[in-house]
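Chemist: need the 3D shape of this:
(chains A and B)
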Amino acid sequence: MPSWFKKVFNNDVAKPAPRPESAPVATAPEPAIATAPEPEPSAQPEAPEPSITEIEGGAKIRKLLSGHIVIPEEERLSWSEEIRIKACPDEEGATCTFMLDRPVLEGLSAWFPEKIWAKDVCSLAETLFKIKGVGSVMLHDTTVTVAYAKGRIDDWKALAEEIGTAIREQLKTDAPVIIEEFREGVPPQDEIRQKLQSCLDMEINPGIASHSGVITLERIDGNTIYITMGGGCQGCAASTITLRNGIHTVFRKAVPQIGAIYDETDHASGTNPYFKELPAGMA
Amino acid sequence: MPRLDTFTLEIKTGERSGPEKPNFNINGFPLEFDDLEGGTGSGETLNAMGSPQSFPHALALIGPADGQEPWDIESVKATYHCGGAEPYTIHLGAVTLDDESNLNIWHEPPLPTFDV
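Modeler: Numbering: from 1, shown residues only, chains lettered A, B, ... in the order given. Presented below is the predicted three-dimensional model:
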């Protein structure tokens, strides 16, 4: 029986120490973390930084800044005569993102959940839907993301090769990737914001309030939406399901023209992550 | 989540200098860097190596101490060595840390890619 279990049920638990924001996941499940090496006494700074002392005592709460990941110039895919494409399957094998060295749909994103949605609208998506195994297609700037039609696939290699070839061949035709009416049909950003905020205020956030969750509309870029999931949603294992089944559905119903919806939440940090209520010593 | 054996940081400081000896914390445990070379003065570059030997749910570069001036970081290049796997590197852009903020420096290994 784990020691934390005995402590909890013998009422031998000290009041949980306030956890500093800078270390939001201090209740790590791995023993190695609980016994993470403290600095050797000899290695202690002669005059420890006050901020560190305060963090140890939990008296000071610090914001954890994410920083922006940048791709150095030398690592970027450079424009070449031949269209270069890199494939990146996700960990579950459900989707594969194709990164190109040039824009596919500049300034916009478009999502086609089924073949019929792409018909006479997007020539590239129509082409991809002819490939067996393609379930849905998302275009955004320099990327094309394809979901597998039957859930997941162990090895994307063969399918990705076929999709890559199709993308390359389609782009070589110089035919418009998407019809002009699609671009013209995207509502102004203020209108999108107003409608989505209304969805959040009236429908989504009241629904997840019982979990202490809150969804924030961070920004809109063209018809691409960026949200964060806070409170009890942050770090929750069900947050992906909430996003896909709940937020996506409601948002797309309100504004059918929106394309990609990205969750920018850092699910491993924050002031109120999902697992903050673990008793002290449980790790 | 991989076990993080060691990591190195190359921190370029912008206009406002940072702490002379910055520290990091892993899962709430503040630790010192093993090796520090260079500096955090204006325009200087600091190379630092940390050896957490643990599973990083949270890994952060600690900002300036209480009452100290903000630290303008121009860029951070972080290289991670995780449990026998190939090391990987990420680059972070400009950020300013003050005495109320830390910088998240933990990023999972990138998903593998291949040319098609």
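
Chemist: domain ranges for chain A?
Modeler: Here the domain parsing of chain A from automatic domain parsing is A:82-185, A:189-263.

Chemist: can you tell me which of these the model trusts least?
Modeler: Ranked by mean pLDDT, those bottom out at domain A:189-263, with a mean of 85.

Chemist: and it, end to end?
Modeler: Domain A:189-263 stretches 18 Å from its first residue to its last (CA to CA, to the nearest Å).

Chemist: what about the domains of chain A, which gets the closest to B:His81?
Modeler: domain A:82-185 (21.0 Å; CB to CB). C-beta coordinates here come from the backbone N, C-alpha and C atoms, glycine included.

Chemist: touching chain B at all, the closest one?
Modeler: Yes: among the residues of domain A:82-185, A:84-91, A:98-99, A:157, A:160-161, A:163-165 lie within reach of chain B under CB under 8 Å from any CB of the partner chain.

Chemist: touching stretch A:90-104 from outside, list them.
Modeler: A:77-80, A:83-89, A:124, A:139-148, A:151-154, A:156, A:159-160, A:163-164, A:167, A:171, A:177, B:111, B:113, B:116 (CB atoms under 8 Å, 6 or more residues apart in numbering or on different chains).

Chemist: in it, what counts as buried?
Modeler: Using 16 or more other CB atoms under 10 Å in any protein chain shown as the test for burial, stretch A:90-104 gives A:Thr95, A:Cys96, A:Thr97, A:Phe98, A:Met99, A:Leu100, A:Val104.

Chemist: on that earlier part again, buried members of the contacts of stretch A:90-104 into ChimeraX, please.
Modeler: In ChimeraX syntax, the buried subset of the contacts of stretch A:90-104 is picked out as below (16+ other CB under 10 Å):
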select /A:83,84,85,86,87,88,89,124,139,140,141,142,143,144,145,146,147,148,153,156,159,160,163,164,167,171,177 /B:116
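
Chemist: A:Lys130: neighbouring residues, count only.
Modeler: The tally of other residues near A:Lys130 (other CB atoms under 10 Å in any protein chain shown) stands at 9.

Chemist: the closest residue to B:Asp115 other than its chain neighbours: helix or strand, and which one exactly?
Modeler: Distances taken as CB to CB, 6 or more residues apart in numbering or on different chains place A:Lys86 nearest to B:Asp115, at 5.9 Å, with adjacent residues excluded. Assigned by DSSP states H and E, A:Lys86 falls within strand A:85-89.
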